[in-house]
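1. Sequence first, predicted model second:
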Amino acid sequence: MRSWKTSTLVACALAVTATAMACRDGVVGPASSSPGGPRLHVGTGPAGFRLTGGGRVDERDHTGYAKHTPESRDFATFGFQARPTGPNTTEGSGNITWVEHDPGAPGGGFTFHGRVTRFEGTDTGCGKFSGTGDARRRDGMTFDDVWFEVEHACDVDEPGVGADHIMIMLPGYSRHGLLSGGNIQRHKL
Amino acid sequence: MNSIRLHVRRALPALAVTLLSGLTLLPEAAQAQWSVGGSGYGSSVSVLGTTTQSPVASLPSDGGYAVGEARTFGVPSTVAAEWLTAVTTGSVSPGDSPSSQTVSEVENVNILDGLVTADAVTAVASSYVGSAGAASNATGSGFVNLVVNGVAYTTEVAPNTRVDIPLVGSVVLNEQIPSGDGTSSSGIQVNMIHVRLLNGGEIVLGSASSSVAR
């Protein structure tokens, strides 16, 4: 079972990062290491800033940010704070809550609470952070120590709707796009 | 001409003193500390003098992160709901733009035995300081498959939409209450479903607030 999950995880993650679409066959379950594949943003090492954010993402790419129609549950909401533990380190601290409402997502949707252990800046001035957390799926299954990575969280403008963007990856799941609600804010350390 | 120069010479020291005085005051003015606020919860029911509320996420005035959630919430014959999650984040630091964001959501909502139902209710409140000053918005707030008194809402619900329900009371949908002067302060309170009963009771589903101020 574990090997099936792991292979599914890697296959989905590769597909996700390559095509920027969510993999709906995944598990949002435990994974001890991050999936491979190309990334949209490259970490550059220690960051001289921290991030807070909260809001909503409806789309799965960066071409639009319209809120979906009132019969659609295809959206996610989130809130986070993340920072490096010091000025010259990629060790991180913070928390993230991510709620996926899409019934087509792993488990019919889930609530994820993650703890940040790594934080770095990207070559585009965004933040990239990762860690592990707990996932509670809508089908009743729960998982501990689930790996996650916010591949990028970018503060582009105020307000953040239609400008700021975020991408999160969990085992068998990914969503990224421009914010359809809320804001991401970059702060000095 | 000489008189003018004399006046200028005499005025310069005084001007310098004034400027220096101003400069000494500048740091104090610039350091007028911002504060942030944020709060969110899934459901609150106040009937017959008793209030029942799901866990609240409250943001400290200097920022941070807080979550309040419950797997289920119920008050018999009044409210049933699942997956209540409220998260608020924000930050403030000297010389930096403050911000505050709160998201609250509830799924599988049933109020007053089917009088109001929704698959999902999402409240988003966001406050920040931009080039034009402090501002707030509720963009991103919404319903999934909302039905009120038998009427399905298939389009976006405008802010502060009031629906009167005979013999029961009224419902305000997407209730938005702004605050602040838009320069040094701004805030917004969002209550996605706010029922006011004829007997004085109140039911709120999907509540989020955010604010920045100095």
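-> Thanks, I have it.
2. Excluding covalently adjacent residues, which one is nearest to the residue positioned nearest the centre of chain A?
-> In chain A, the centroid-proximal residue (Cα atoms, centre = their mean) is residue A:168; its distance is 1.6 Å. Closest residue to residue A:168 apart from its sequence neighbours, by Cβ to Cβ, 6 or more residues apart in numbering or on different chains: residue A:150 at 5.2 Å. Just so you know, the C-beta spots here come from the backbone N, C-alpha and C atoms, and that holds for glycine as well.
3. Run a quick neighbour tally on that neighbour.
-> Neighbours of residue A:150 under the rule other Cβ atoms under 10 Å in any protein chain shown: 26.
4. residues touching it, list them.
-> The contact partners of residue A:150, taken as Cβ atoms under 8 Å, 6 or more residues apart in numbering or on different chains, are A:80, A:82, A:96, A:127, A:128, A:129, A:130, A:166, A:167, A:168, A:169.
5. that older thread, tell me the bridge partners for the residue nearest to the centre of chain A.
-> Bridge pairing for residue A:168 (DSSP bridges) gives the partners residue A:150, residue A:175.
6. Residue B:100 too?
-> Here residue B:100, judged by DSSP bridges, has bridge partners residue B:90, residue B:127.
7. residues near residue 139, how many?
-> You didn't say which chain, so I picked chain A. 10.
8. ah, no, chain B please
-> Around residue B:139 there are 22 other residues, counting by other Cβ under 10 Å.
9. next one: residue B:88
-> If you count neighbours by other Cβ under 10 Å, residue B:88 ends up with 33.
10. distance of it from residue B:158?
-> Distance of residue B:88 to residue B:158, computed by Cβ to Cβ, to the nearest Å: 25 Å.
11. swap in residue A:97?
-> As judged by Cβ to Cβ, residue A:97 and residue B:158 stand 29 Å apart.
12. all helices of the chain, in order?
-> The chain I'm using is chain A. For chain A, the helices defined by DSSP state H occupy A:2-19.
13. meant chain B actually
-> B:2-30.
14. which residue packs closest to the residue in it that chain A sits nearest to, ignoring adjacent ones?
-> Using Cβ to the nearest Cβ, residue B:140 is the residue of chain B that sits closest to chain A, at 1.3 Å. Excluding its sequence neighbours, the residue lying closest to residue B:140 (Cβ to Cβ, 6+ apart) is residue A:181, at 1.3 Å.
15. okay, now that neighbour: neighbour count?
-> 29.
16. Same check on residue A:77?
-> 28.
17. check contacts around it.
-> Counting by Cβ under 8 Å, 6+ apart, residue A:77 makes contact with A:54-57, A:98-99, A:101, A:181, B:103, B:105, B:122, B:124, B:140.
18. about what we covered before: so what pLDDT did the residue of chain B closest to chain A get?
-> Predicted confidence (pLDDT) for residue B:140: 97.
19. Could you show which parts of chain A are in contact with chain B?
-> Applying Cβ under 8 Å from any Cβ of the partner chain, we find that chain A lies next to chain B at A:50, A:52-56, A:67, A:69-73, A:75, A:77-81, A:94-95, A:97, A:99, A:101, A:111, A:113, A:136, A:138, A:158-161, A:179-183, A:185, A:187-188.
20. could the contacts of residue A:150 go into a markdown table alongside pLDDT and distance to residue A:117?
-> Shown next, in a markdown table, are the contacts of residue A:150 (pLDDT from 0 to 100; distance: Cβ to Cβ, whole Å):
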| residue | pLDDT | distance to residue A:117 |
| --- | --- | --- |
| A:80 | 98 | 14 |
| A:82 | 98 | 10 |
| A:96 | 98 | 12 |
| A:127 | 97 | 14 |
| A:128 | 97 | 13 |
| A:129 | 97 | 8 |
| A:130 | 97 | 7 |
| A:166 | 96 | 18 |
| A:167 | 96 | 18 |
| A:168 | 96 | 15 |
| A:169 | 96 | 15 |
